[in-house]
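Engineer: no letters, just coordinates:
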């Protein structure tokens, strides 16, 4: 059984994984479906940072991103038997996280519209900015990370998802196509368009 | 090739996904348009910058919070399991339902009129009509009936006696002469 009092101790080592041998994600989810909760811990450890990077770049709010990744991991726990070994595990977990992130953004948008309609002009000027992670200001080349993050937020959602998955998460076009459930050609076209929009948006920072 | 066709192929050109003929077309366009070359360089820089954005880590409390949520989920499931044990009803609801059903049946029996408990027969024919009914002839040959009633279970005293097999069977260890 899972030892929640000391989760750090119940991680990778309990599965006797060494550098020479690592279970694949698909083997781990199969073990978890058979009741091995250590396999679940290992999957969470493998994916939590990757997913929070993806979700944070998408929603631009660290607290919300952490909540969404928690929800994703809870869904992995409660809906483990929904996974079928016909797709890669990473595709499945990214799809869950992406859907939750989109739902959050829609909810946030509705909330924002409601709030703004009930605010006076003075109140609107003093809205608190979202919590951002402590990351370096400079990124390779000419752009600061904050500038890139800002430019990403200006992209339409269907461009934002695919360009983050491709250029930040470095997933293959095929996998992105499965995650967003859109034909391969459309994914390629959207990524290309997203890059051109980013290039336009970041022109002024060069 | 015009500008829009060129822009459609930028990512494929950078990622080397073009056929040889398409690549030649793009390179021909680039040699004629210096601004297009700059655009390619600019997109390459953005891709590199995106790739080098730092990976973000979850908070130190992430795992603890997750396990707390999982334990709450498990406890909720246990409660549901123990309470819904009678075909989806709680034990209290199931017992109350049984009591109500029994009470209704008892009250029904108590207040039901007695006449409805007895089966009544009301003749539809008059006595005269009954007397006029044809009479069936009586059995003339009762022996046939008796023969028909004979079966294999009947034991006839006069049948030949069973042979005594004791004299013919010699058992091992039998001391009889």
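Structural biologist: Received it, and whenever you're ready, just let me know what you need. This one's a predicted model, so the numbers in the text were calculated from it and none came from an experiment. Numbers count the residues shown, from 1 in each chain, chains lettered A, B, ... in the order given.
Engineer: what distance separates the start and the end of stretch A:23-41?
Structural biologist: 13 Å (Cα to Cα, to the nearest Å).
Engineer: so where's chain B shaky on pLDDT?
Structural biologist: Within chain B, the stretches with pLDDT under 70 are B:80-88, B:113-123, B:136-163, B:165-171, B:173-177.
Engineer: mind checking the SS state of residue A:29?
Structural biologist: helix (DSSP: H, G, I helix; E, B strand; the rest coil).
Engineer: could you chop the chain up by domain?
Structural biologist: In the absence of a named chain, chain A is used. Chain A breaks down into these domains under automatic domain parsing: A:9-134, A:135-206.
Engineer: oops, wrong one, chain B.
Structural biologist: Using automatic domain parsing, the domain parsing of chain B gives B:3-51, B:62-109.
Engineer: how about these in JSON lines, adding mean neighbour count?
Structural biologist: C-beta: built from backbone N, CA, C; applies to glycine. Converted to JSON lines, the domains of chain B look like this (neighbours: other Cβ atoms under 10 Å in any protein chain shown):
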{"stretch": "domain B:3-51", "mean neighbour count": "15"}
{"stretch": "domain B:62-109", "mean neighbour count": "12"}
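Engineer: can you say which of those domains is nearest to residue A:38?
Structural biologist: Checking these against residue A:38 by Cβ to Cβ gives domain B:62-109 as the closest, at 12.8 Å.
Engineer: just put the domains of chain B in TSV and tack on distance to residue A:71.
Structural biologist: As requested, the domains of chain B are arranged in TSV below (distance: least, Cβ to Cβ, whole Å):
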stretch	distance to residue A:71
domain B:3-51	26
domain B:62-109	9
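Engineer: out of those domains, which comes closest to residue A:25?
Structural biologist: Closest of these to residue A:25 is domain B:62-109, at 18.1 Å (criterion: Cβ to Cβ).
Engineer: what about the lengthiest helix in chain A, average pLDDT?
Structural biologist: In terms of residue count, the longest helix belonging to chain A (DSSP state H) is helix A:89-117. Mean per-residue pLDDT for helix A:89-117: 84.
Engineer: same for that helix, what does it pack against?
Structural biologist: Using 3 or more Cβ pairs under 8 Å, 6 or more residues apart in numbering or on different chains; DSSP states H and E as the contact criterion, the secondary-structure elements in contact with helix A:89-117 are helix A:25-33, helix A:37-59, helix A:62-78, helix A:157-163, helix A:173-180.
Engineer: what's the closest of these to residue B:93?
Structural biologist: Proximity to residue B:93, assessed across those by Cβ to Cβ, is greatest for helix A:62-78 (27.0 Å).
Engineer: going by neighbour count, list what's buried in that closest one.
Structural biologist: A:62, A:64-77 (16 or more other Cβ atoms under 10 Å in any protein chain shown).
Engineer: could you do stretch A:159-178 as well?
Structural biologist: Using 16+ other Cβ under 10 Å as the test for burial, stretch A:159-178 gives A:159-169, A:171, A:173, A:175-178.
Engineer: what does stretch A:153-160 give?
Structural biologist: Result for stretch A:153-160 [16+ other Cβ under 10 Å]: buried residues A:155, A:158-160.
Engineer: show me the two of those residues that sit farthest apart.
Structural biologist: Greatest spacing in those, by Cβ to Cβ: A:155 and A:158 (8.7 Å).
Engineer: could you pull out the helices for chain B?
Structural biologist: Counting by DSSP H, chain B has helices at residues B:3-8, B:10-14, B:20-32, B:34-51, B:62-83, B:91-111, B:127-131, B:142-149.
Engineer: circling back to that earlier point, the buried residues of stretch A:159-178: which ones sit near chain B?
Structural biologist: Subset of the buried residues of stretch A:159-178 in contact with chain B: A:163, A:167-168, counting by Cβ under 8 Å from any Cβ of the partner chain.
Engineer: about what we covered before: looking at the buried residues of helix A:62-78, which is nearest residue B:15?
Structural biologist: The nearest member of the buried residues of helix A:62-78 to residue B:15, counting by Cβ to Cβ, is residue A:65 at 28.4 Å.
Engineer: for the closest one, give me its contacts.
Structural biologist: With contact taken as Cβ atoms under 8 Å, 6 or more residues apart in numbering or on different chains, residue A:65 is in contact with A:52, A:55-56, A:58-59, A:101, B:56.
Engineer: what's the closest of these to residue B:11?
Structural biologist: When the contacts of residue A:65 are compared for distance to residue B:11 (Cβ to Cβ), residue A:58 comes out closest, at 20.4 Å.
Engineer: who's in contact with the closest residue in space to residue B:13 that isn't next to it in sequence?
Structural biologist: Distance criterion Cβ to Cβ, 6 or more residues apart in numbering or on different chains; nearest residue to residue B:13, sequence neighbours excluded, is residue B:26 at 5.1 Å. Residue B:26 makes contact with B:1, B:6, B:9, B:13, B:18, according to Cβ under 8 Å, 6+ apart.
Engineer: gap between residue B:26 and residue A:156?
Structural biologist: The gap separating residue B:26 from residue A:156 is 26 Å, by Cβ to Cβ, to the nearest Å.
Engineer: residue B:36 and residue B:28 touch, don't they?
Structural biologist: No. Using Cβ atoms under 8 Å, residue B:36 is not in contact with residue B:28, being 10.7 Å away.
Engineer: what stretches of chain A score poorly on pLDDT?
Structural biologist: Applying pLDDT under 70 to chain A flags residues A:1-20, A:112-143, A:205-206.
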